[in-house]
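**Q** With the sequence up front, the predicted model follows.
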Amino acid sequence: NVEDGLIALDGALELNGFKSSGNLNINNLPVTLAERFVDLPVDIGGQFNLQANLGGNVFKPDIPQGAFSLTNGTINKKPLGEFAGNFNYIDSIARLVTTPNSVVKVDAAVAYPLQPNRQNTVAVQAKIDNQAFQLLDAFTQNQLQWVDGNGEVENAIYGELNPTVNTIRGIVGDLVATSNINIQNAVVRTKQLDSEIKLTASGQANLANEIIQIEELSGNLAESPFIITGNLPLFQPQTTQPLSIVLGPDDIKLKGLYKGEVDANIEVSRTVLNPVISGNIALKSGQVSIPQLQSEEAENSEELQDELREVANNSKNKAELQSKQLNQSQTNDLPINPEFQNFEVSLGPGFKFTRTLPRVNFRIAGDITVNGGLSNLRGNGQIELKRGNLFILENSFFINRDREQVVTFLPNRSLFNPQLDIEL
């Protein structure tokens, strides 16, 4: 007995191995035991069950037939649904097939252990649909929630593993993968914006010769059309057509963030882990709102007033501090390190910037070119404040329309610490 679970083994181990009648049974073993040995990214729950016939010999064991299931399974306390299947292990190849109603459908064969002078084949087919998408909030720590719609993603991986190298890149370098994506009339909700986003997408992505290849992935994001095409290497930069992302030109409706016209042509090059982002995005005849974070909503009015007084008394130092904090929070433990290269942002005409606390409402226009990594973002350009007002400490301040009001971004200063020439 282990933590209210049962592990039972019957059979005989002789010099030439297990008899074919050997059996292994595991009943109601808590899956939380795995957390003692592996640092899992999510909290798991449930009871694991397994039955297997044992055969072969001590030097070359076989499992002619086996079955497994997870009962009362949960991911971050959310019910997982059915997850069960059959498996075997014969001639150093493990095979697994899940049941048709499993939350993830898998049909896989993997050679193990890897051996020289033989084929070390990998063949995996996996499919997720609405049942799995319902767990999106559990896997994203409630940052994203699948509200409605139909989704299906089919993945296939084939190839040979190389046992003569000791790097992940070397081992998986010969694998070929295909992913077919079909999402129709989906609605997802984000925690920070507390708003629903409509999404439709379909297309295919391939992996070959260490390059992600997208012939075309298209659809609509928040009612604005998008198309993704091109290639992006995994590890080593190559002279291939870069990944192209086209959004709009059309209206986009991101409630609580931005509503208005968008026209974006973005290129992503170099590699997946160290991408270079270039191109341009234009926003006009719209309104961007800085979302109110839940941590801010939890503060009482007295704390907010103290913070606003601090901003009013020392705005320059506060801006520099926020810039450093933002840069640090963005770069801590990031597996992907993007770099902007002459990325052009155009605002206006008819572009509004609003925030609820402190209450801000400005009509602005201008162009900025962004360069650098997340820890060292730099801007070059100027934004003009056409009109607007700021409400702080129970007082209203209005833009002086008798002179030009500008925010200037300089290449030698942080993007989050521009030069201000504003008169209220």
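**A** It's in. Residues are numbered from 1 along each chain as shown.

**Q** C-alpha from now on. contacts and neighbour counts both.
**A** Will do.

**Q** Kindly export the helix or strand hosting residue 146 (C-alpha atoms) in CSV.
**A** Counting by DSSP states H and E, the element that carries residue 146 is strand 144-160. Extracted as CSV, the C-alpha positions of strand 144-160 are listed here (Å, rounded to 0.1, in the frame of the first residue of the first chain):
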residue,chain,number,x,y,z
LEU,A,144,-7.0,32.5,-20.7
GLN,A,145,-10.4,30.9,-20.7
TRP,A,146,-12.1,29.0,-23.5
VAL,A,147,-15.7,30.4,-23.5
ASP,A,148,-17.3,29.0,-26.6
GLY,A,149,-16.6,27.7,-30.1
ASN,A,150,-15.2,24.7,-31.9
GLY,A,151,-11.5,23.9,-32.0
GLU,A,152,-9.4,21.0,-33.3
VAL,A,153,-5.6,20.6,-33.6
GLU,A,154,-4.0,17.5,-35.1
ASN,A,155,-0.3,17.0,-34.7
ALA,A,156,1.9,14.3,-36.3
ILE,A,157,5.6,13.7,-35.6
TYR,A,158,7.8,11.2,-37.5
GLY,A,159,11.4,10.5,-37.9
GLU,A,160,14.5,8.9,-36.4
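
**Q** That one pairs with which strands?
**A** Strand pairing for strand 144-160, determined by DSSP bridges: strand 121-128 (antiparallel), strand 176-190 (antiparallel).

**Q** Surely residue 142 is within a helix?
**A** No - counting by DSSP: H, G, I helix; E, B strand; the rest coil, residue 142 is located in no helix; its state is coil.

**Q** Please report phi then psi for it.
**A** Main-chain torsions, residue 142, degrees, to the nearest 10: phi 70, psi 20.

**Q** please renumber so the chain begins at 39
**A** Fine by me, first position is 39 from now on; the one you just mentioned is residue 180.

**Q** dump the residue contacts of it.
**A** When contacts are counted by CA atoms under 8 Å, 6 or more residues apart in numbering, residue 180 is found next to 174, 229.

**Q** Find the helix or strand that residue 176 is a member of.
**A** Going by DSSP H and E, residue 176 is in helix 174-177.

**Q** looking just at contacts, which helices and strands does that helix meet?
**A** When contacts are defined as 3 or more CA pairs under 8 Å, 6 or more residues apart in numbering; DSSP states H and E, helix 174-177 sits against strand 182-198.

**Q** Grab the nearest non-local neighbour of residue 123.
**A** In space, and not counting its chain neighbours, residue 123 is closest to residue 136: 3.8 Å by CA to CA, 6 or more residues apart in numbering.

**Q** Can you give me the pLDDT of the one you found?
**A** Listed pLDDT for residue 136 reads 97.

**Q** how far is the helix holding residue 176 from where the chain is centred?
**A** Centroid separation for helix 174-177 versus its chain: 11 Å, with CA atoms, centre = their mean, to the nearest Å.

**Q** How about residues contacting that helix?
**A** With contacts defined as CA under 8 Å, 6+ apart, helix 174-177 is touched by 80, 113, 114, 115, 116, 180, 181, 182, 183, 184.

**Q** what about the fifth one, how many neighbours?
**A** By other CA atoms under 10 Å, the residues close to residue 116 number 16.

**Q** I figured residue 228 hits residue 234, correct?
**A** Yes - using CA atoms under 8 Å, residue 228 is in contact with residue 234, at 6.8 Å.

**Q** quick one on the thing from earlier: which one of the contacts of helix 174-177 is nearest to residue 140?
**A** Taking CA to CA as the measure, residue 140 lies nearest residue 113 of these, at 14.5 Å.

**Q** ok, the closest one - how many residues close by?
**A** The number of residues packed near residue 113 is 17, by other CA under 10 Å.

**Q** Could you do residue 83 as well?
**A** Residue 83 is flanked by 21 other residues according to other CA under 10 Å.

**Q** again with residue 206
**A** Residue 206: 10 neighbours (other CA under 10 Å).

**Q** so how far is residue 199 from it?
**A** Using CA to CA, to the nearest Å, residue 206 is found at 10 Å from residue 199.

**Q** Among the contacts of helix 174-177, which one sits closest to residue 393?
**A** Out of the contacts of helix 174-177, the member with the shortest distance to residue 393 (by CA to CA) is residue 181, at 21.6 Å.

**Q** residues contacting the closest one?
**A** When contacts are counted by CA under 8 Å, 6+ apart, residue 181 touches 175, 228, 229, 230.

**Q** Apply 6 Å and report the result again.
**A** Listed by CA atoms under 6 Å, 6 or more residues apart in numbering, the contact partners of residue 181 are 228, 229.

**Q** ranges for the helices of this structure?
**A** Here the chain has its helices, by DSSP state H, at 168-171, 174-177, 206-210, 332-335, 339-351, 353-369.

**Q** Now do the last one, average pLDDT.
**A** With pLDDT averaged residue by residue, helix 353-369 scores 47.

**Q** Let me know whether residue 421 touches residue 406 as I believe.
**A** No - the criterion here is CA atoms under 6 Å, and residue 421 misses it with residue 406 at 7.7 Å.

**Q** Give me the more crowded residue out of these two.
**A** residue 406 (22 against 19).

**Q** Residues in a beta bridge with the spatially closest residue to the more buried one that is not a sequence neighbour, which ones?
**A** Spatial nearest neighbour of residue 406, chain neighbours left out: residue 419 (4.4 Å); criterion: CA to CA, 6+ apart. Going by DSSP bridges, residue 419 is paired in beta bridges with residue 406, residue 447.

**Q** residue contacts, the nearest residue to residue 147 once chain neighbours are set aside?
**A** Once flanking residues are discounted, residue 147 sits nearest to residue 133: 4.3 Å by CA to CA, 6+ apart. The neighbours of residue 133, taking CA under 6 Å, 6+ apart as the test, are 125, 126, 146, 147.

**Q** how about a cut-off of 7 Å?
**A** Residue 133 makes contact with 125, 126, 127, 146, 147, 148 under the criterion CA atoms under 7 Å, 6 or more residues apart in numbering.
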